[in-house]
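**Q** Curious how this folds, go ahead:
(2 chains)
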Amino acid sequence: MKLTVSLAQIYPRLGDIEYNIKRHIEISREVKGRSQLLVFPELSLTGSNLMDLTFDIAQKKNSILLNPLLEVSKDVDIILGLVELGEDRDLYDSAFYYSDSSLRHIHRKLFLTANRREMRYFAGGDRVEVIDTRFGKLGIVIGEDLLNPISIIPLLKKGADILVVMSNSVSTGYSSTKVGIPESALKWRNLLSIYAQLYSIYVVYVNRVGFEDGLNFFGGSCVIDPYGEVVVDCPYFEESIIHIELDFEPHNKPSHFFDFYRIYRLIMENTYED
Amino acid sequence: MRTSIPFDPIFTKNILVRFIRDEVTKFGIGRVVIGLSGGIDSSVSATLAVEALGKDNVFAFILPYKTTSRESLDDAYLIGKMLGIHLETIDITPIVDSYFRTDDIDRVRRGNFIARIRMCILFDKSNVYNALVLGTSNKTELLLGYGTIYGDMASAVNPLGDLYKTQIRILAREIGIPEKIITKPPTADLWVGQTDEGELGITYEEADEILYNLVEKRLSPSLLVEMGYDGEKINKIIGLIKRNQFKRTLPVIAKLSSRTIGVDFRYPRDWGR
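**A** Predicted coordinates:
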């Protein structure tokens, strides 16, 4: 099966959801007819370092403010990020999947980080599910979710072909091996490559760029094939939109590394045994 | 015992130029003002600002007091001319001396006053030129509290605040700062014969290694002693970091309401930008 996906490595305006929605719609129109799937970074409608803005700009899933996005999703499937106000009145770092003028799926970030104070504002999600799209099975995770195999294994067990990783990763540290990019960017690229190989899956990684209160988001969005090779990537530090056609059927084979079903069963049994 | 502190001057220069351009222009302002002392920090800040905003958008001020050394003045002038930026010299001696009315004054007290008069002038000029004040405090100074609060520590945008002094030296070479400015002994030049290392009682090389191991690597003081660092110097540094925490925070506010600024009213600086 073939899929053309667009990676929108943007610089959202911090806390200005109306402006960011306009940007998302402009980009959706640009890729219309060209791509079937358009992926934005984590918190793409809101910005990242929100602090108390988190309360102010949270949206319910059926907020009328988001209607224009429903509208444009008749032409291209869209994955974007925002602060979601749940029915339980908790706040979530969420990814919305829009398709055919409807909200098809929500992924709520499972593993929040303490160091960026996400835990102060957000509640963690409690499930991860495969999305059955017209171009194959797709899983979405956000940032550090990727680092915990417990978030990924259920997706693989349900036969996901593509893993979308949305991110707000910041430049930190100096690389001792590669000049010009931060250590954190190098680490993320290595991890993405390792996980793509281990899980034998396409990884679509979309990170943002720009500065917020001195934090620099490094970008470096990319698609990595199931052999761990970078198929296409955006530049570091700069806004960029790239398109890539994926032909993923040939790679749809059992993993050489994991017996996922067995791992899953072991985890479940060990968790609930006592 | 030497620790090598990781650094990538090419990456750093790229990020800091983007940082200055971004954090200045998104406030609808494309200009900065900066005080040039002739030292390495203000030379590096000014050079990065020129690359970020263009020489026509950088307004530099040399603000000597009567005790300021000839060398400091010459070096400040050299950097200003080298960069081709707007350059103005304002002698602050009359302002300072009209307040104290005597030269027989505690040198630290007068030094702090001098630093704050310079701050007043820079913020006034920022209003005149519709510009932001560019900071020049480095991470070593900020951690050790070796600066005047609301004086040289005051600015709107500080590109150097996460760089140790020894890293700034490497960056300075990368961006073409004259060698004599890089190698001369660092000084606040607030009184004759003052040097940073003399006052702190430790070299920047040693201080930066200890700070890096304590702050970035989170190593314990006892482990640092095992690694061969001087226990007294380690304790002195830890004492300075703690004692000067107030210089790195806003004034403390008594909590009364349900939402107190800084406690549970927390918004980013770049709100809506």
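
**Q** Hmm, A:V83 and A:T46 touching each other?
**A** Yes: assessed by Cβ atoms under 8 Å, A:T46 is found in contact with A:V83 at 5.4 Å. The way it works is simple: take the backbone N, C-alpha and C, and place the C-beta from them, glycine included.

**Q** Bridge partners for the spatially most central residue of chain A, pull those for me.
**A** Geometric centre of chain A, nearest residue: A:M166, 2.0 Å, by Cα atoms, centre = their mean. A:M166 has these beta-bridge partners by DSSP bridges: A:I142, A:V206.

**Q** Next up, the contacts around it.
**A** A:39-42, A:44, A:79, A:81, A:95, A:140-143, A:206 (Cβ atoms under 8 Å, 6 or more residues apart in numbering or on different chains).

**Q** try 10 Å
**A** A:39-44, A:79-81, A:93, A:95, A:107, A:109, A:140-143, A:145-146, A:204-208, A:221 (Cβ atoms under 10 Å, 6 or more residues apart in numbering or on different chains).

**Q** coming back round to it: list residues touching both of A:T46 and A:V83?
**A** Taking Cβ under 10 Å, 6+ apart as the contact rule, A:T46 and A:V83 both touch A:17, A:53-54, A:56-59, A:93.

**Q** Closest to chain B out of those?
**A** A:L53 (6.3 Å; Cβ to the nearest Cβ).

**Q** Name the nearest residue to the closest one, ignoring sequence neighbours.
**A** Nearest-residue entry for A:L53: A:G15, 4.3 Å, with adjacent residues in sequence omitted and distances by Cβ to Cβ, 6 or more residues apart in numbering or on different chains.

**Q** doesn't A:L80 fall inside a helix?
**A** No: counting by DSSP: H, G, I helix; E, B strand; the rest coil, A:L80 is located in no helix; its state is strand.

**Q** Now it. Nearest residue, chain neighbours left out?
**A** A:L80 sits nearest to A:F40 (Cβ to Cβ, 6+ apart), 4.3 Å away.

**Q** Would you check how far apart that neighbour and chain B are?
**A** Using Cβ to the nearest Cβ, to the nearest Å, we find A:F40 at a distance of 19 Å from chain B.

**Q** Could I get the phi/psi values of that residue?
**A** Taking degrees, to the nearest 10, you get phi -100, psi 170 for the backbone angles of A:F40.

**Q** And for A:Y92?
**A** Main-chain torsions, A:Y92, degrees, to the nearest 10: phi -130, psi 140.

**Q** show me the contacts for whichever residue of the stretch 151-273 of chain B sits closest to chain A.
**A** For the stretch 151-273 of chain B and chain A, the shortest gap (Cβ to the nearest Cβ) falls at B:R266, measuring 4.4 Å. By Cβ under 10 Å, 6+ apart, the contact set of B:R266 is A:50-54, A:117, A:120-121, B:259-260.

**Q** any low-confidence regions in chain B?
**A** Along chain B, the parts satisfying pLDDT under 70 run over B:1.

**Q** need the strands for it, in chain order.
**A** Taking DSSP state E as the test, the strands found in chain B are B:32-35, B:58-62, B:86-89, B:132-133.

**Q** what does the stretch 51-200 of chain A give?
**A** Remark: strands assigned in the stretch 51-200 of chain A by DSSP state E, counting those that start in this stretch are A:77-85, A:91-99, A:102-108, A:131-133, A:136-142, A:162-167.

**Q** Columns distance to B:L160 and mean pLDDT on top of those, output as CSV?
**A** CSV is the format used below for those (distance: least, Cβ to Cβ, whole Å; pLDDT from 0 to 100):
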stretch, distance to B:L160, mean pLDDT
strand A:77-85, 33, 98
strand A:91-99, 32, 98
strand A:102-108, 39, 98
strand A:131-133, 46, 94
strand A:136-142, 33, 95
strand A:162-167, 28, 97
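
**Q** Kindly report the residues of the stretch 1-150 of chain A close to chain B.
**A** For the stretch 1-150 of chain A, the residues in contact with chain B (Cβ under 10 Å from any Cβ of the partner chain) are A:11, A:13-16, A:19, A:47-54, A:56, A:117, A:120-121.

**Q** Identify the residue spatially nearest to A:V130, adjacent ones excluded.
**A** A:K158 (4.1 Å).

**Q** Against chain B, how distant is that neighbour?
**A** For A:K158, the distance to chain B - Cβ to the nearest Cβ - is 38 Å.

**Q** Contact partners for that residue?
**A** Counting by Cβ under 10 Å, 6+ apart, the residues that A:K158 touches are A:128-132, A:137, A:139, A:260.

**Q** Surely B:I170 is in contact with B:F11?
**A** No: with contact defined as Cβ atoms under 10 Å, B:I170 does not count as touching B:F11 (11.8 Å).

**Q** who's more crowded, the two?
**A** B:F11 (21 against 16; other Cβ atoms under 10 Å in any protein chain shown).

**Q** Okay then, goodbye and thanks.
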